[in-house]
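In: structure, please.
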Amino acid sequence: EKIEEERRALEAERRASEKIEEERRALEAERLAREEKIEEERRALEAERLARERIEEERRALEAERQASEKIEEECRALEAERRASEKIEEERRRAFEAERLAREEK
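Out: Purely as a prediction, here's the structure:
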């Protein structure tokens, strides 16, 4: 009877040890799952940060292009103003020359 009691006690102890080991494995699996989730979130945040950086770089590039376009447009307006001024001067010279020619012919 005493041997049987010891056998039952050892069996109970073995079952308790198995249960503790199962709980340890479950806790370890939970810990690993949490760590993996945290790592996934970290990677997602890093991807978002990189995407925001790319968007900001694109915004700066577009702003630089806009400023360059404005400068080109200003230069075009200045060249157009110069062309009109040259045409006006040329027209005035042509009129003066024509007036001189007519005045010479009248003499």
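In: how many residues are close by residue 9?
Out: The local packing count at residue 9 equals 10, with neighbours defined by other Cβ atoms under 10 Å. Where you see a C-beta, it was placed from the backbone N, CA and C, and this is true even at glycine.
In: name the helices or strands packed onto the helix or strand that contains it?
Out: Using DSSP states H and E, residue 9 sits in helix 2-106. With contacts taken as 3 or more Cβ pairs under 8 Å, 6 or more residues apart in numbering; DSSP states H and E, helix 2-106 sits against no other helix or strand.
In: and residue 70, what does it touch?
Out: For residue 70, no contacting residues are found, by Cβ atoms under 8 Å, 6 or more residues apart in numbering.
In: on that earlier part again, please state the offset of the helix holding residue 9 from the chain centre?
Out: Using Cα atoms, centre = their mean, to the nearest Å, we find the averaged C-alpha position of helix 2-106 to lie 0 Å away from the chain's own average C-alpha position.
In: quick one: mean pLDDT for it?
Out: Across helix 2-106, the average pLDDT comes to 97.
In: put the alpha carbons of stretch 36-56 into CSV.
Out: Once non-C-alpha atoms are left out, stretch 36-56 reads as follows in CSV (Å, rounded to 0.1, in the frame of the first residue of the first chain):
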residue,chain,number,x,y,z
GLU,A,36,7.0,39.1,-33.4
LYS,A,37,4.0,41.5,-33.3
ILE,A,38,6.2,44.3,-31.9
GLU,A,39,8.8,43.6,-34.6
GLU,A,40,6.1,43.7,-37.3
GLU,A,41,4.8,47.0,-35.9
ARG,A,42,8.4,48.4,-35.8
ARG,A,43,8.9,47.4,-39.4
ALA,A,44,5.5,49.0,-40.4
LEU,A,45,6.5,52.2,-38.6
GLU,A,46,9.9,52.3,-40.3
ALA,A,47,8.2,51.7,-43.7
GLU,A,48,5.8,54.6,-42.9
ARG,A,49,8.7,56.8,-41.9
LEU,A,50,10.6,56.0,-45.1
ALA,A,51,7.4,56.7,-47.2
ARG,A,52,7.0,60.1,-45.5
GLU,A,53,10.6,60.9,-46.2
ARG,A,54,10.1,60.0,-49.9
ILE,A,55,7.0,62.1,-50.1
GLU,A,56,8.8,65.0,-48.5
